[in-house]
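Undergrad: Kindly return the folded structure for what I paste below:
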Amino acid sequence: MIFSSIQNPLDYPHDNGILTFTLGILFVLSIYHLLLYLQHRDKLYLLYSSYTFTIILAHLIFVDKGFINDLLEPVERIKRFRVFYTEAYYIIYFFFTMKFLDVRSEFPRWADYCYKAIYLLIVICAIFLIISLVTIDSEERSYDSQLISISYNFIFVPLMTLISIVVYVLFFKLKNKLKYYIIIGGLTLSICSYISLYHYNQLLAREEDVQAAYTLLYFAFILENILFALGLGHKQKIILSERNESQEKLILQLQENEELREKIQTQLEADVRDLSKQAESEKIKSIKMQFDKELAELKVSALRSQMNPHFIFNSLNSIKRYIIDSEKENAVYYLNKFSKLIRLILSSSREDEVSLADELETIELYVNIENIRFNNEIDFLIDITENINLDTIKIPSLILQPFIENAIWHGLSLKKTNKKLKVKVEKENKSFVKIDIIDNGIGRQRSAEIKSKKIHRQESVGIKLTQERLKNFSKNYKNAYSLSIIDLFDQDNEPSGTQITLKLPTE
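TA: The predicted structure follows:
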């Protein structure tokens, strides 16, 4: 008789503190991840905080004494929507897990189906909630109204079960190793939830105290949320590790580029010394002509060796910004373009002439990289007429880059909106290829005025060196090149950009 009168504490979780202990743990997790969201602005933390908070709301109805009950007494009605809170935390759970494991990246079509099903479920639950609020008198409104109970047991639970099966099949197929946190925690809670629901209905049918049905559920909540919190920490660790690895690669690439610049500079100096020693009195004229041509190429190479580090630093800093902002796809996209551009520049540096196709590809990559710092505001277009074979036309390597650079930094960079840059290529008289570089910037006059106001003014030698290279290039053809710079004006005679027209001989 003595032993039969002893009560099992697990049968009364609402009375012996198990519920309060569980809600306390969930409250700490909810506040902690809400603070993480405010710090990092990552919606994953907000979803998890909302998930734990709705679990707390769903079980406040069972708190009928103590500090929490006294605190909630002015808003006692908040406890009346337990079923609604239960539906809410299940729905938020799916949004959280789908985003946590990034299901859309591997199974976009199935992810869309699941999201549509969840949205449909939200609409159904909202309709039943509204009907219940409208049809039941305010004094009788309760979380366990008959209509809401029917919608929960016969609509919500079956649909949620079906969605759970589909989602967990996708989880098992994912390659993401973080899935085990969700699978173990989620399956534990799901199994315990169904056991708890079955136990609850059995106790209710026998008209016994239903508290015992919740004990297993509370322990499942604690275990699941510990696993989810560990999973979030693991995910953040992976993100930081990938970010550090990318930064190390960028630093290594920067060091390699600096070493390459120093080697090129040393080689240029050695070449200049060797050329100066070759001058002999009896060959002064021929050597002088050759020297002038090679010196022009050396000046261009020297300009490249000075330009490349500056361009590389700015480009890497722009890509670094994407990494810091966790825009991984943009960082990888522009890093690939940057690597390809560096290879093309180094390859072009070893050749006096390249095909027009290769030159346009290099220019397009260059503009794409420079456009990062303008938030892709520059609308860049290459217009080629149909009767041109770009692969057979040879031009000096990187001959268009100084004009493009001037158009961007002296014309478009000082303009606030509607930045456009166009390169038009067409054949002219079978003996020339005509290249127009057109921008709608502030114009040369306004750019010169701004430049004159700067304390540190540096004379640009890029265009002068380009003209020297064009002059040497034309010596191999019977026709000479032509270069014209035209200031563009709008209907009000206000500057509206600049047009560079370059005609290169092909015969």
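Undergrad: Can you get me a residue count around Tyr322?
TA: The number of residues packed near Tyr322 is 19, by other Cβ atoms under 10 Å. Every residue, glycine included, has its C-beta placed from N, CA and C.
Undergrad: didn't Asn368 look like it was pressed against Lys337?
TA: Yes - at 5.5 Å, Asn368 and Lys337 qualify as touching, with contact defined as Cβ atoms under 8 Å.
Undergrad: Can you get me a residue count around Tyr48?
TA: Counted with other Cβ under 10 Å, the neighbours of Tyr48 add up to 29.
Undergrad: Please report phi then psi for the residue minimising distance to the centre of the chain.
TA: Nearest to the centroid of the C-alpha atoms of the chain, with distances taken as Cα atoms, centre = their mean, sits Glu327, at 2.6 Å. Recorded main-chain torsions at Glu327 are phi -90, psi 70, according to degrees, to the nearest 10.
Undergrad: likewise Phe81?
TA: For Phe81, the backbone dihedrals are phi -120, psi 50 (criterion: degrees, to the nearest 10).
Undergrad: cool, Glu207 as well?
TA: For Glu207, the backbone dihedrals are phi 60, psi 40 (criterion: degrees, to the nearest 10).
Undergrad: now do Gly443
TA: Backbone torsions of Gly443, given as degrees, to the nearest 10, read phi 90, psi 160.
Undergrad: residues touching the nearest residue to it once chain neighbours are set aside, list them.
TA: Nearest-residue entry for Gly443: Pro495, 2.9 Å, with adjacent residues in sequence omitted and distances by Cβ to Cβ, 6 or more residues apart in numbering. By Cβ atoms under 8 Å, 6 or more residues apart in numbering, the contact set of Pro495 is Ile442, Gly443, Arg444, Gln445, Arg446, Asp487, Leu488, Phe489.
Undergrad: Check Ile378 too.
TA: The contact partners of Ile378, by Cβ under 8 Å, 6+ apart, come to Val367, Glu370, Asn371, Ile408, Leu412, Lys419, Lys420, Leu421.
Undergrad: one more time with 7 Å
TA: Contacts for Ile378 (Cβ atoms under 7 Å, 6 or more residues apart in numbering) come out as Val367, Asn371, Leu412, Lys419, Leu421.
Undergrad: Out of these, which two sit at the greatest distance?
TA: Put simply, by Cβ to Cβ the two of these set farthest apart are Val367 and Lys419, 11.2 Å from each other.
Undergrad: quick one on the thing from earlier: out of the contacts of Ile378, who's nearest Phe81?
TA: Closest approach between the contacts of Ile378 and Phe81, by Cβ to Cβ: Asn371, at 51.6 Å.
Undergrad: distance of that closest one from Asp379?
TA: Distance of Asn371 to Asp379, given as Cβ to Cβ, to the nearest Å: 10 Å.
Undergrad: what about these two, which has more around it?
TA: Counting neighbours by other Cβ under 10 Å for Asn371 and for Asp379 shows that Asn371 has the greater number, 20 against 13.
Undergrad: Just to check, Asp391 is in contact with Ala357?
TA: Yes - when contacts are counted by Cβ atoms under 7 Å, Asp391 is listed as touching Ala357 (5.1 Å).
Undergrad: Comparing these two, which residue is more hemmed in?
TA: The neighbour comparison of Asp391 against Ala357 (other Cβ under 10 Å) goes to Ala357, with 15 against 10.
Undergrad: Show me how far the strand or helix carrying that one is from its chain's centre.
TA: Assigned by DSSP states H and E, Ala357 belongs to helix 356-370. On the basis of Cα atoms, centre = their mean, to the nearest Å, the separation between the geometric centre of helix 356-370 and that of its chain is 24 Å.
Undergrad: and what of stretch 90-97?
TA: Taking Cα atoms, centre = their mean, the mean C-alpha location of stretch 90-97 is offset from the chain mean by 23 Å.
Undergrad: Restricting to C-alpha, output it in PDB.
TA: In PDB, the C-alpha atoms belonging to stretch 90-97 read as follows (Å, rounded to 0.1, in the frame of the first residue of the first chain):
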ATOM      1  CA  TYR A  90       6.200  23.000 -36.700                       C
ATOM      2  CA  ILE A  91       5.900  25.300 -39.800                       C
ATOM      3  CA  ILE A  92       8.900  27.500 -38.600                       C
ATOM      4  CA  TYR A  93      10.800  24.200 -38.000                       C
ATOM      5  CA  PHE A  94      10.600  23.400 -41.700                       C
ATOM      6  CA  PHE A  95      11.600  26.900 -42.900                       C
ATOM      7  CA  PHE A  96      14.600  26.700 -40.500                       C
ATOM      8  CA  THR A  97      15.800  23.200 -41.500                       C
END
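Undergrad: Contacts for that stretch, please.
TA: Outside of stretch 90-97, the residues that reach it under the criterion Cβ under 7 Å, 6+ apart are 47-48, 50-51, 54, 118, 121-122, 160, 163, 167, 182, 186.
Undergrad: Between all of those residues, which two are separated the most?
TA: Longest distance between any two of those is 21.0 Å, between Ile122 and Ile182; criterion Cβ to Cβ.
Undergrad: Give me the more crowded residue out of the two.
TA: In this view Ile122 and Ile182 are compared by other Cβ under 10 Å, and Ile182 has more residues nearby, 24 against 13.
Undergrad: Distance of that one relative to Thr161?
TA: With distances taken as Cβ to Cβ, Ile182 is found 17 Å from Thr161.
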